[in-house]
Structures are given as C-alpha cells and as structure tokens.
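J.: pasting a predicted model and its sequence here:
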Amino acid sequence: MGHLYPVWLKFRGGKGVATFLGVTLALAWPAGLIACATWAATAAAARLSSLAALVAAATAPLWLALFGPPGAVWAGLAMAGLIFLRHRANIARLRAGTEPRIGAGR
C-alpha cells in the first residue's frame, strides 16, 4: 500500500505494477516469472504498457493458484484489485483508443 499511497508524497504514488510483480516473485517465483512473461508478451504484442500490466495482474491469481503456496491466490486477487483500481484512467483511455503506445513519441 505504501507504494500506491505514500504518506510522504501526500498519498500520490505510482500504479504499483513493479511492486506487484516483485511481490508475486517473492510469493512463488514460478508464478512471478510467468506473470512477468505475461506482461512482456502482452506489451510486445499490443505495445500498450497499461494493458500489459492489467493482463499480468488479471492472470497472476491463476498463476499463484497453480504454482504458489496455499493462500497466495488471495494476495494475488487483492493486488490485482488494487492494480485495476489504480489504472481506472488508463482503462478509460484504452476503451477510448487514446492510450499512448510503447515507443510512440509524445
């Protein structure tokens, strides 16, 4: 939660994707590697970082259920929920087709 809502930044933090992937790796490294590969494959195919993050977050509970310790799936679901919550604006831009692509000049 501290990476999403840091006190010293007046509760304005990042989207938590890197922390989510790191925690997933710590919970069950096979699940974490698959989540990272899911992010990379989606990013390469769609060239949309936010979409890649959402797909990796959505599938991580499945990877944790398959390869993680008992109960890790609940942590994965909670983290995925937070990722989706923090990406509300990105989801709106994805739906509108205005989300910037990886490598596109601003």
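T.: Happy to help now that I have it. Numbering: from 1, shown residues only.
J.: how about the strands in the chain?
T.: Counting by DSSP state E, the chain forms no strands at all.
J.: and the contacts of the worst-scoring helix or strand of the chain on mean pLDDT?
T.: Within the chain, no helix or strand scores below helix 17-27, which has a mean of 89 by mean pLDDT, DSSP states H and E. Under the criterion C-beta atoms under 8 Å, 6 or more residues apart in numbering, residues 3-4, 31-33, 35-36, 39, 53, 56-57, 60, 63-64, 68-69, 72, 75-76, 79-80, 82-83 lie in contact with helix 17-27. Just so you know, the C-beta spots here come from the backbone N, C-alpha and C atoms, and that holds for glycine as well.
J.: same check on stretch 76-89?
T.: Residues outside stretch 76-89 that contact it (C-beta under 8 Å, 6+ apart): 1, 4, 14-17, 20, 23-24, 27, 31, 50, 53-54, 57-58, 60-61, 63-65, 68, 91.
J.: how about it as PDB, C-alpha atoms only?
T.: Presented in PDB, the C-alpha positions along stretch 76-89 are these (Å, rounded to 0.1, in the frame of the first residue of the first chain):
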ATOM      1  CA  GLY A  76      -2.800 -12.100  -5.900                       C
ATOM      2  CA  LEU A  77      -6.500 -11.200  -6.000                       C
ATOM      3  CA  ALA A  78      -6.000  -8.300  -3.600                       C
ATOM      4  CA  MET A  79      -3.000  -7.000  -5.600                       C
ATOM      5  CA  ALA A  80      -4.900  -7.400  -8.900                       C
ATOM      6  CA  GLY A  81      -7.800  -5.400  -7.500                       C
ATOM      7  CA  LEU A  82      -5.500  -2.600  -6.400                       C
ATOM      8  CA  ILE A  83      -3.800  -2.600  -9.800                       C
ATOM      9  CA  PHE A  84      -7.200  -2.300 -11.600                       C
ATOM     10  CA  LEU A  85      -8.300   0.400  -9.200                       C
ATOM     11  CA  ARG A  86      -5.100   2.500  -9.800                       C
ATOM     12  CA  HIS A  87      -5.500   2.000 -13.600                       C
ATOM     13  CA  ARG A  88      -9.000   3.500 -13.900                       C
ATOM     14  CA  ALA A  89      -7.900   6.400 -16.100                       C
END
